[in-house]
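Undergrad: structure for the following, please:
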Amino acid sequence: MKIERIEELALTTADRKLIADLLKEGFGVYPEGKSYYKQLPDFRMLARDGAQLLGHLAGEFRMINIGGTAIRIFGVADLCVTPSRQQERIATQMLSELEKLAIKTQVEFIILTGSEPNVYKGMGFERTARVCRWLLINNLNTLGVIRRFVDNIMVKPIGERELPEGEIDFLGHIF
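TA: Numbering: from 1, shown residues only. Predicted coordinates for the structure are as follows:
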């Protein structure tokens, strides 16, 4: 198995189809034929075994604001592994590669929203619950800014900095 990082602009049509098929297989309710949910990510981590796509992680590189403090983060969206290979720690390996990239690029935290917090705790993520603000996008339309309490935010610190207290402003859409 090989894990590669590909910038969004460098994805081929074949890559996009493989990603769309995997996301549909893994999530079931994913929009048919789409390789992204609300917005294109900056890059992808793809786990491949030959021509077969086993795993996918959409990575977003951005600044967010937490309680008035600017924070440099990677946001994770659409972390997915083909169901027949989910016990092989492929997601863990993709997140490990993302962490290595975060260290090299001075990213302070990796953030995702997850419905299975115990899975991510084993990978060094901590659950936090905060009031959050983000851009609400639906069907390629901006509907406004939403502010809501979110209790499934998973955060992995990179380095020694602790997550500041306060409201999280994602300065864009939520992952």
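Undergrad: how many neighbours does residue 165 have?
TA: Residues lying near residue 165 (other CB atoms under 10 Å) number 9. C-beta: built from backbone N, CA, C; applies to glycine.
Undergrad: so that it lines up with my notes, have the first residue be 24 from now on.
TA: Renumbered: residue one is now 24, and that last one reads residue 188.
Undergrad: show me the contacts for the closest residue to it other than its chain neighbours.
TA: Excluding its sequence neighbours, the residue lying closest to residue 188 (CB to CB, 6 or more residues apart in numbering) is residue 90, at 5.5 Å. Taking CB atoms under 8 Å, 6 or more residues apart in numbering, we find residue 90 in contact with 187-190.
Undergrad: repeat that with 10 Å
TA: 153, 186-192 (CB atoms under 10 Å, 6 or more residues apart in numbering).
Undergrad: would TSV of those with distance to residue 105 and pLDDT be doable?
TA: Compiled in TSV, the contacts of residue 90 are given as follows (distance: CB to CB, whole Å; pLDDT from 0 to 100):
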residue	distance to residue 105	pLDDT
153	33	96
186	32	94
187	37	95
188	39	96
189	39	97
190	37	98
191	32	98
192	35	98
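Undergrad: and of these, the nearest to residue 63?
TA: Among these, residue 192 lies closest to residue 63 (CB to CB), at 21.0 Å.
Undergrad: where does the prediction get shaky in the chain?
TA: For the chain, the stretches flagged by pLDDT under 70 are 140.
Undergrad: show me what counts as buried in stretch 127-143.
TA: Across stretch 127-143, burial judged by 16 or more other CB atoms under 10 Å covers 130-137, 143.
Undergrad: ok, now stretch 37-56?
TA: 38-39, 41-47, 49, 53.
Undergrad: wait, doesn't residue 65 sit right on residue 31?
TA: Yes. Residue 65 lies in contact with residue 31 (CB atoms under 10 Å); the separation is 6.0 Å.
Undergrad: what strand or helix carries residue 142?
TA: Residue 142 is part of helix 140-144, with elements assigned from DSSP states H and E.
Undergrad: could you point out the helix or strand that follows that helix?
TA: Using DSSP H and E, the helix or strand that follows helix 140-144 towards the C-terminus is strand 149-161.
Undergrad: using CSV, write out every CA atom in that following strand.
TA: Output in CSV follows, covering the C-alpha atoms of strand 149-161 (Å, rounded to 0.1, in the frame of the first residue of the first chain):
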residue,chain,number,x,y,z
GLU,A,149,-9.1,15.1,21.9
ARG,A,150,-12.8,15.8,21.9
THR,A,151,-13.9,19.4,22.5
ALA,A,152,-17.3,21.0,22.5
ARG,A,153,-17.6,24.7,21.6
VAL,A,154,-19.8,27.4,20.1
CYS,A,155,-18.6,27.5,16.5
ARG,A,156,-19.2,29.8,13.6
TRP,A,157,-19.0,28.8,9.9
LEU,A,158,-20.2,29.5,6.4
LEU,A,159,-23.3,27.5,5.7
ILE,A,160,-23.2,26.1,2.1
ASN,A,161,-25.9,23.9,0.6
